[in-house]
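Asker: Next comes the sequence, and after it the predicted model I'd like to discuss.
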Amino acid sequence: MLQPLIWTGHSLRVLDQRRLPNETVWSEYRDAAGVAEAIRSMQVRGAPAIAAAAAYGLAMEAQRHAGARGDRLPEVLEAAARVLLASRPTAVNLRWAVERMQKAAAACPDPAALPQVLVAEAERIAAEDVAVNRRIGDLGAALFARPVQVLTHCNTGALATAGYGTALGVVRRLHELGRLRQVLVDETRPYWQGARLTAYELAAEGIPHILITDSMAGHFMQRGQVDAVLVGADRIARNGDVANKIGTYTLAVLCRHHGIPFYVAAPVSTFDLTIATGEDIPIEERDPAEVTHVYGRRITPEGTQAAHPAFDVTPHELVTAIITERGVIHHPQPESVRAVLAAEDKTRAEGSTPA
Ligand SMILES: CSC[C@@H](O)[C@@H](O)C(=O)COP(=O)(O)O
């Protein structure tokens, strides 16, 4: 299975996803500022992968300042957390991981033990993510009784997580169970996560797939060639509104028109219980040059202005179900979201071990 991150014990190796699929290039980082830059520049992307990277970023800060006076460390970690949190605004998993690391730091009574404690916590965050994704894969695959053709958007696979994937984890599991006919892969303009990354992962796993442009989705739905849409999420509000890669909302509307189930696969760490609805989710605005240029080459007339919101919000009314590691939230709304999030975490209870 592909891996976006490798922890060496004192540095973080990041697979540069901007170069895939044509080149396999690893960058190595030894501090939080470097990791923040890797996140900002999208060498590493995908909500859970960003979270794991940020956790290692904080662990490295503790290692780097291991000799510093004990009372200086909280200040150093606070500054590093701020830099990491500013790297990308929409994926709430980033904040979740930073807060979890801060909690681990605060609970550590001995400053000398802090580097070790934070490295262990970062490793736990990464390992748990793989276990969580496997559980989401099992629960998601159980929703399908017969072989299906599904459509997916962006990249939600091993590359977007610490391993295995969320929506693509469900796809992977369906394939293992012999319940997958084919995946229609949206190319996912303008950053091409589908064309470059999802197609790459599926090819590596021998999972049957066909690439389509984002604008073809409605056509294939109309022809009865899409049994379900499976996507991931970057932030989910208390009422079940889902922020995900730009183009997701369009798919949900198309699904409603065609009576096709629209599933979101996401870990509990993607829920932001501090916000009531999707209206409050910050939407990242990226450089318009990512729209006007492809591989650094302009495809528009000079001076053409472009918009680039990187995410959109799908209202919960359009979501058939959200698949989490704690259970499936059918027809999400505030009560059902609360109930599933309050459920026991079986990934931990069953002692699942990461692969
Ligand atoms: C398991 S990944 C879920 C989401 O993070 C994914 O669907 C997505 O929108 C990624 O966006 P990206 O801009 O590539 O980081």
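Answerer: Everything's here; your move.
Asker: neighbours of the residue nearest to Q3 when sequence neighbours are not counted, just the number please.
Answerer: Counting by Cβ to Cβ, 6 or more residues apart in numbering, the nearest residue to Q3 once its immediate chain neighbours are dropped is G163, at 6.1 Å. In this view, the C-beta of every residue, glycine as well, is placed from N, C-alpha and C. Residues within reach of G163, counting by other Cβ atoms under 10 Å, total 26.
Asker: Quick check: which element contains G163?
Answerer: Element membership of G163 [criterion: DSSP states H and E] is none; it lies in no helix or strand.
Asker: likewise L114?
Answerer: Using DSSP H and E, the secondary-structure element containing L114 is helix 114-141.
Asker: any idea how far that helix is from the chain center?
Answerer: Between the mean C-alpha point of helix 114-141 and the mean C-alpha point of its chain there is a distance of 13 Å (Cα atoms, centre = their mean, to the nearest Å).
Asker: Can you give me every residue that contacts the residue in the stretch 151-300 of the chain that the ligand sits nearest to?
Answerer: The stretch 151-300 of the chain approaches the ligand most closely through G232 (2.8 Å), counting by Cβ to the nearest ligand atom. If you count contacts by Cβ atoms under 8 Å, 6 or more residues apart in numbering, G232 has them with 46-47, 154, 156, 160, 166-168, 244-245, 264-266.
Asker: repeat that for 6 Å
Answerer: The contact partners of G232, by Cβ atoms under 6 Å, 6 or more residues apart in numbering, come to T156, T166, A167, A265, A266.
Asker: next one: F262
Answerer: With contact set as Cβ under 6 Å, 6+ apart, F262 has these partners: V229, A252, C255, V319, T320.
Asker: Helix, strand, or coil at the residue lying closest to it once chain neighbours are set aside?
Answerer: Spatially, and ignoring its direct neighbours in sequence, F262 is nearest to C255 (4.1 Å; Cβ to Cβ, 6+ apart). Each residue gets one of three states, and C255 gets helix by DSSP: H, G, I helix; E, B strand; the rest coil.
Asker: okay, now C255: neighbour count?
Answerer: Applying the criterion other Cβ under 10 Å, we find 24 residues in the vicinity of C255.
Asker: ok, now the one 5 residues further on?
Answerer: By the criterion of other Cβ under 10 Å, I260 has 19 neighbours.
Asker: so it sits in a strand?
Answerer: No - read with three-state DSSP, I260 is coil and lies in no strand.
Asker: which ones are touching it?
Answerer: Taking Cβ under 6 Å, 6+ apart as the criterion, I260 is in contact with M221, V226.
Asker: Could you do L159 as well?
Answerer: Applying Cβ under 6 Å, 6+ apart, one finds that L159 lies in contact with L2, P4, L197.
Asker: got the phi/psi numbers for the second one?
Answerer: When quoted as degrees, to the nearest 10, the phi and psi of P4 stand at phi -80, psi -20.
Asker: so it touches V14, yeah?
Answerer: No - counting by Cβ atoms under 6 Å, P4 sits too far from V14 to count as a contact (7.0 Å).
Asker: Establish whether the longest strand anywhere in the chain and the ligand are in contact.
Answerer: With DSSP state E applied, the strand covering the greatest number of residues in the chain is identified as strand 180-186. No - interface with the ligand: strand 180-186 contributes nothing (Cβ under 6 Å from any ligand atom), its closest point being 10.8 Å away.
Asker: Which positions in stretch 117-132 come out as buried?
Answerer: Buried residues in stretch 117-132, counting neighbours by 16 or more other Cβ atoms under 10 Å, are found at 117-119, 121-123, 125-132.
Asker: Please flag which of the contacts of F262 sit within strands.
Answerer: Under the assignment DSSP E, the contacts of F262 contribute V229 to strands.
Asker: okay, the contacts of F262 in JSON lines with pLDDT next?
Answerer: JSON lines is the format used below for the contacts of F262 (pLDDT from 0 to 100):
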{"residue": "V229", "pLDDT": "99"}
{"residue": "A252", "pLDDT": "99"}
{"residue": "C255", "pLDDT": "99"}
{"residue": "V319", "pLDDT": "98"}
{"residue": "T320", "pLDDT": "98"}
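Asker: P332: which of the contacts of F262 is nearest?
Answerer: Each of the contacts of F262 was checked against P332 using Cβ to Cβ; the closest is V319, at 5.5 Å.
Asker: residue contacts, that closest one?
Answerer: Taking Cβ under 6 Å, 6+ apart, one finds F262, V264, P332 in contact with V319.
Asker: Quickly find the element holding the residue nearest to the last one when sequence neighbours are not counted.
Answerer: Setting aside the residues directly before and after it, P332 is nearest to G240 in space (Cβ to Cβ, 6+ apart), at 2.8 Å. Using DSSP H and E, no element contains G240; it sits outside every helix and strand.
Asker: Contacts only, for G240.
Answerer: Residues near G240 by Cβ under 6 Å, 6+ apart: H316, P332, Q333, V337.
Asker: distance of it from D16?
Answerer: Between G240 and D16 the distance is 34 Å, computed by Cβ to Cβ, to the nearest Å.
Asker: Repeat that for T166.
Answerer: In this structure, T166 lies at 22 Å from D16, with Cβ to Cβ as the measure.
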